[in-house]
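Participant: Just the structure for this:
(2 chains)
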Protein chains: 2
Amino acid sequence: MTTTANPIDLSLYLVLDPDLCGGLDEMVSTAKIAAQNGATVVQLRAPQWKKRQWLLAAQALKTVLAPYHVPLIINDQLDIALAMDADGVHVGQQDLPASEVRRLLGPNKIVGLSTNGLAQFHEAEAMYQAGIIDYVGVGPVYPTGTKKDASPVIAVDEVAAMLQNRILPAVVIGGIQAGKVAHLMAQGFDGVAVVSAICGQADIAGATQGLLAEIHAAKGGTK
Amino acid sequence: MTTTANPIDLSLYLVLDPDLCGGLDEMVSTAKIAAQNGATVVQLRAPQWKKRQWLLAAQALKTVLAPYHVPLIINDQLDIALAMDADGVHVGQQDLPASEVRRLLGPNKIVGLSTNGLAQFHEAEAMYQAGIIDYVGVGPVYPTGTKKDASPVIAVDEVAAMLQNRILPAVVIGGIQAGKVAHLMAQGFDGVAVVSAICGQADIAGATQGLLAEIHAAKGGTK
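Facilitator: Numbering: from 1, shown residues only, chains lettered A, B, ... in the order given. Below you'll find the model as predicted:
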């Protein structure tokens, strides 16, 4: 581990989708209940939004999450993160380079990067050692729909190669539902990122607690 | 006039649309030829793009515009402007608040704001006096298509009320083609913003020169 990384507990990483959550108010409520019940990170992802709505939503989320000390990560929109002083930014391979995000956010914010294969994971490790990123998202590891071409699934042996001897904190993402967590955690991830396993569920608290129970069991009670 | 405003010559303001221009390379070439032939401002607007493409395109435009001292304005994406040190940012009413843009860009960059009526124009005047914005875009003043509901056209008397006794630099935008310039400049605008009157034209240099001739004639040879 480097000493420059910002600490982040990736155990249960909730990615908010405003549409899946049922709108802005329901999304903010979902984030609050998830944080109350043990979610460790919340990310806002709303590529369909104009920035005025982004800003208002991010500010509302920051307010409800603050009492639980759950970091709020902004997907892609670095300017929103700067405007409302988010805890961090998550970027994909087609977004701003992580090095630019780090430069503009400064050293004390969380920067995450999506990776979809071993080559990107190795690049990310170098960025981690250079203090550019704090963690990676890895995925998808399951087909998330019937169209296999739509999002390339990382092969099982490639995931294993990523996680072997790694130093880089890694959260797995993509189509993860209750019941699949133990299998994923056993591969060596630090946590699971979920969207629809919490967003849009009838019982947000119960869904969150259920996922956490799986995570903690998989970690063997170390958390 | 306040003394805090950043100077900008709004006479011929080219808004680049990558699709209308025929792709990235053609767009950069269009910007260069337009700048060579007298365009006074170039704005990049590409809401369909991911930020990695935004950044590369903005950097390419900055390089070709630099020799002509034509400012490059980034539409909406403040983070792109920060990452590649653009000359300014233009925002609409649903984008980041101009006050946030000014705070994050600092005092020496150009900030523009779109206005679509007298109330917004008066708000913009206060922002100009406070040093938040440097100019406004006003429009549309023509129906830009057959669907009149799609973009509300500002009434002629409302435009007149805006421009009477104004202190705020104003460029008119929306469906402006060669031949319409004199009429618009006579209403008192500082310049015209065009998209398809340059982007996608067979003769970019000729189109630019033609528009400029109209602008200069309308200004009575003062520029």
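
Participant: Which residues of chain A lie near chain B?
Facilitator: A:50-53, A:55, A:76-80, A:82-83, A:91, A:93-97, A:100, A:104 (Cβ under 8 Å from any Cβ of the partner chain). In this view, the C-beta of every residue, glycine as well, is placed from N, C-alpha and C.

Participant: change it to 10 Å
Facilitator: Within chain A, the residues that sit near chain B (Cβ under 10 Å from any Cβ of the partner chain) are A:47, A:49-55, A:76-84, A:89, A:91-97, A:99-101, A:103-104.

Participant: Counting only helices, which of the residues you listed make the cut?
Facilitator: Judged by DSSP state H, helices contain the following of the residues of chain A next to chain B: A:51-55, A:78-84, A:99-101, A:103-104.

Participant: Of these, select the buried ones using a ChimeraX command.
Facilitator: Applied in ChimeraX, the following selects the buried portion of these according to 16 or more other Cβ atoms under 10 Å in any protein chain shown:
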select /A:51,52,54,55,78,79,80,81,82,83,84,100,101,104
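
Participant: Phi and psi next, for residue A:108.
Facilitator: Per-residue torsions, residue A:108: phi -100, psi 10 (degrees, to the nearest 10).

Participant: roughly how far apart are the nearest residue to it once chain neighbours are set aside and chain B?
Facilitator: Of all residues not flanking residue A:108 in the chain, residue A:6 sits nearest, at 6.6 Å (Cβ to Cβ, 6 or more residues apart in numbering or on different chains). Residue A:6 is 20 Å from chain B, where distance means Cβ to the nearest Cβ, to the nearest Å.

Participant: check contacts around residue A:6.
Facilitator: Applying Cβ atoms under 10 Å, 6 or more residues apart in numbering or on different chains to residue A:6 gives the contacts A:71, A:87-88, A:107-111, A:131, A:133-135.

Participant: ok, so what distance separates residue A:130 from residue A:116?
Facilitator: Residue A:130 sits 21 Å away from residue A:116, going by Cβ to Cβ, to the nearest Å.

Participant: These two: which has the busier surroundings?
Facilitator: When residue A:130 is set against residue A:116 and neighbours are counted by other Cβ atoms under 10 Å in any protein chain shown, the residue ahead is residue A:116, at 19 against 13.

Participant: my guess is the more buried one contacts residue A:139, does it?
Facilitator: Yes - using Cβ atoms under 10 Å, residue A:116 is in contact with residue A:139, at 7.3 Å.

Participant: Could you count how many residues lie near the closest residue to residue A:81 other than its chain neighbours?
Facilitator: Of all residues not flanking residue A:81 in the chain, residue A:74 sits nearest, at 4.1 Å (Cβ to Cβ, 6+ apart). The burial count assigned to residue A:74 is 28, neighbours taken as other Cβ under 10 Å.

Participant: for residue A:157, same thing?
Facilitator: Per other Cβ under 10 Å, the neighbour tally for residue A:157 reads 9.

Participant: before we move on, what about residue A:216?
Facilitator: Using other Cβ under 10 Å, residue A:216 is surrounded by 17 other residues.

Participant: Could you find the closest non-adjacent residue to residue A:197?
Facilitator: residue A:177 (5.0 Å).

Participant: And the pLDDT for that neighbour?
Facilitator: Looking at residue A:177, its pLDDT reads 90.

Participant: Phi, psi for it please.
Facilitator: Dihedral angles for residue A:177 - degrees, to the nearest 10 - are phi -120, psi 170.

Participant: State the distance from it to residue A:195.
Facilitator: Going from residue A:177 to residue A:195 by Cβ to Cβ gives 10 Å.

Participant: More neighbours: those two, which one.
Facilitator: Legend: neighbour count by other Cβ under 10 Å for residue A:177 and residue A:195, higher for residue A:195 (21 against 14).

Participant: which residues does the closest residue to residue A:75 other than its chain neighbours contact?
Facilitator: Spatial nearest neighbour of residue A:75, chain neighbours left out: residue A:45 (3.8 Å); criterion: Cβ to Cβ, 6+ apart. By Cβ under 10 Å, 6+ apart, the contact set of residue A:45 is A:15-18, A:73-77, A:90, A:195.

Participant: just residue A:159 next, same as before
Facilitator: Contacts of residue A:159 (Cβ under 10 Å, 6+ apart): A:117-118, A:121, A:138-139, A:141, A:153, A:170, A:172, A:184, A:187-189.

Participant: of those, closest to chain B?
Facilitator: residue A:117 (17.2 Å; Cβ to the nearest Cβ).

Participant: Strands along chain A, start to end?
Facilitator: A:12-16, A:41-44, A:72-75, A:88-91, A:110-115, A:135-138, A:170-173, A:191-194 (DSSP state E).

Participant: I'd like the mean pLDDT over the longest one, please.
Facilitator: Per-residue pLDDT values across strand A:110-115 average out to 97.

Participant: May I have that strand as CSV, with CA atoms only?
Facilitator: The C-alpha coordinates for strand A:110-115 follow below in CSV (Å, rounded to 0.1, in the frame of the first residue of the first chain):
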residue,chain,number,x,y,z
ILE,A,110,-11.2,10.1,-3.6
VAL,A,111,-10.6,9.2,-7.2
GLY,A,112,-11.9,6.0,-8.7
LEU,A,113,-11.5,4.4,-12.1
SER,A,114,-13.5,1.8,-14.0
THR,A,115,-11.5,-1.1,-15.4
